[in-house]
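K.L.:
Based on what follows, work out the 3D shape:
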Amino acid sequence: MGIMFPVMTDALVHIDPFTFTSLRYLVAGIAFFALLLIKEGKGALRPNGESMVLAWLLGSIGFCGFGSFVFLGQQLAGREGALTASIMMATQPMMGLLVNSVVRRSSPPLYSFLFILMSFAGVSLVVTKGDIAAVLHEPQHYSANALIVVGALCWVIYTFSASRFKRWSALKYTTMTTWLGLTTIIGLNILLFALHVVPVPSSAALRSIVPHLLYMGPIAGFCAILFWNMGNRILTPLNGVLFMDILPLTTFVVSALTGVVPGRAQVVGACMTGAALIFNNLYLRRRARRLAASS
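P.N.:
Predicted structure coming up:
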């Protein structure tokens, strides 16, 4: 997933994020559908007692929400949007902790709250390059960063909600939510075309994004998302999202190779966010063992 942000930096020069999201998940969705039929047969298309409405909602949040908000924010942020987007993804475990606290109406543990603050302090260093005063005079960055945060939150909701579908395999959950989410993505795309918010892409624009689509569809779409959902079934989302910390490291390296070199403050910020993520995970594991021993 980390490579997709530098790839999108170039793709967004040629096409809007909404159309690209539609094309990307259409490619991935076809691959999911074919694999599901091969592995589980036509019977896998039945709901098997699970809510299709909830699956549609989560597919819309996870695929339409994530793809639209994150890549629109990355486009508004410019060439360094890839760095910002990737480090925002690393805050997802902290977002998950906050979402879980809101749902259960309980405050997160004190140390976890401190790690959340440390994580977002690291994000601030990446976004501002260590110069907060300069950002205060550039309000356009607020909307870009806010969109990326909302998109990251969409993926958190999608990931943590997968555990509700106990009768579905990871492959079935991925396939069903992708196709149900595609109805929202394509519907939004058609609406934006009709309202002339985004232009209908020309044939030249579509040809120019073929290399990007070949990566974003089969690899960052089909392989990455399927493996992500399978891994979270095994590790549980609390531990699975820990691997989001690898994502900005990949993005930073690939971006540097393409000429967008992160500054010292951005590297420090990424390390702070990663450290906060790991420390919080270790703390929660130790806390769970302690509570289990005392009960």
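K.L.:
tell me the contacts of the nearest residue to M230 once chain neighbours are set aside?
P.N.:
Distance criterion C-beta to C-beta, 6 or more residues apart in numbering; nearest residue to M230, sequence neighbours excluded, is A170 at 4.3 Å. (C-beta placed from N, C-alpha, C; glycine too.) Applying C-beta atoms under 8 Å, 6 or more residues apart in numbering to A170 gives the contacts A162, L226, N229, M230, N232, R233.
K.L.:
let's go with 7 Å and repeat that
P.N.:
Counting by C-beta atoms under 7 Å, 6 or more residues apart in numbering, A170 touches N229, M230, R233.
K.L.:
Out of those residues, the closest to Q92 would be?
P.N.:
Using C-beta to C-beta, N229 is the member of these that lies nearest Q92, at 14.5 Å.
K.L.:
For burial, what's the neighbour tally of the closest one?
P.N.:
By other C-beta atoms under 10 Å, the residues close to N229 number 22.
K.L.:
Could I get the contacts of A170 in JSON lines, plus columns for distance to R286?
P.N.:
As requested, those are exported to JSON lines (distance: C-beta to C-beta, whole Å):
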{"residue": "N229", "distance to R286": "27"}
{"residue": "M230", "distance to R286": "27"}
{"residue": "R233", "distance to R286": "24"}
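K.L.:
Next step: those restricted to helices.
P.N.:
Among the contacts of A170, DSSP state H puts N229, M230, R233 in helices.
K.L.:
From A121, how far off is the second one?
P.N.:
Here M230 is placed at a distance of 33 Å from A121 (C-beta to C-beta, to the nearest Å).
K.L.:
These two: who's more crowded?
P.N.:
Taking neighbours as other C-beta under 10 Å, M230 and A121 compare with M230 leading, 16 against 13.
K.L.:
V27: what's it in contact with?
P.N.:
With C-beta under 7 Å, 6+ apart, V27 has these contacts: L213, G217, P218, G221.
K.L.:
If any of the residues you listed are buried, put those into a PyMOL selection.
P.N.:
In PyMOL, a selection of the buried entries from the contacts of V27 looks like this (16 or more other C-beta atoms under 10 Å):
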select buried, resi 213+217+218+221
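K.L.:
Pick the one among the contacts of V27 closest to M89.
P.N.:
Using C-beta to C-beta, G221 is the member of those that lies nearest M89, at 15.6 Å.
K.L.:
Might you report the residue contacts of the nearest residue to that closest one once chain neighbours are set aside?
P.N.:
Sequence neighbours aside, A28 is the residue nearest to G221 in space, at 3.2 Å (criterion: C-beta to C-beta, 6+ apart). By C-beta under 7 Å, 6+ apart, the contact set of A28 is T178, G217, G221, F222, I225.
K.L.:
mind checking pLDDT for the second one?
P.N.:
Per-residue confidence at G217 stands at 94 (pLDDT).
K.L.:
Quick check on the residue nearest to it when sequence neighbours are not counted: phi, psi?
P.N.:
Distances taken as C-beta to C-beta, 6+ apart place V27 nearest to G217, at 3.0 Å, with adjacent residues excluded. In terms of degrees, to the nearest 10, the main-chain angles of V27 are phi -60, psi -50.
K.L.:
if I look at V27, how far off is L182?
P.N.:
Noted for V27: a distance of 11 Å to L182, by C-beta to C-beta.
K.L.:
Could you tell me how far the residue lying closest to G263 once chain neighbours are set aside is located from N145?
P.N.:
Once flanking residues are discounted, G263 sits nearest to K129: 5.1 Å by C-beta to C-beta, 6+ apart. Distance check for K129 against N145: by C-beta to C-beta, it reads 13 Å.
K.L.:
quick one: average confidence on stretch 171-182?
P.N.:
Per-residue scores along stretch 171-182 average to 96.
K.L.:
Now it - C-alpha only, PDB.
P.N.:
Extracted as PDB, the C-alpha positions of stretch 171-182 are listed here (Å, rounded to 0.1, in the frame of the first residue of the first chain):
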ATOM      1  CA  LEU A 171     -12.400 -13.200   0.600                       C
ATOM      2  CA  LYS A 172     -16.200 -13.000   0.700                       C
ATOM      3  CA  TYR A 173     -16.200  -9.900   2.900                       C
ATOM      4  CA  THR A 174     -13.700  -8.200   0.600                       C
ATOM      5  CA  THR A 175     -15.600  -9.200  -2.600                       C
ATOM      6  CA  MET A 176     -19.100  -8.300  -1.300                       C
ATOM      7  CA  THR A 177     -18.100  -4.900   0.200                       C
ATOM      8  CA  THR A 178     -16.000  -4.000  -2.900                       C
ATOM      9  CA  TRP A 179     -18.900  -4.500  -5.300                       C
ATOM     10  CA  LEU A 180     -21.500  -3.000  -3.000                       C
ATOM     11  CA  GLY A 181     -19.200   0.000  -2.500                       C
ATOM     12  CA  LEU A 182     -18.700   0.300  -6.200                       C
END
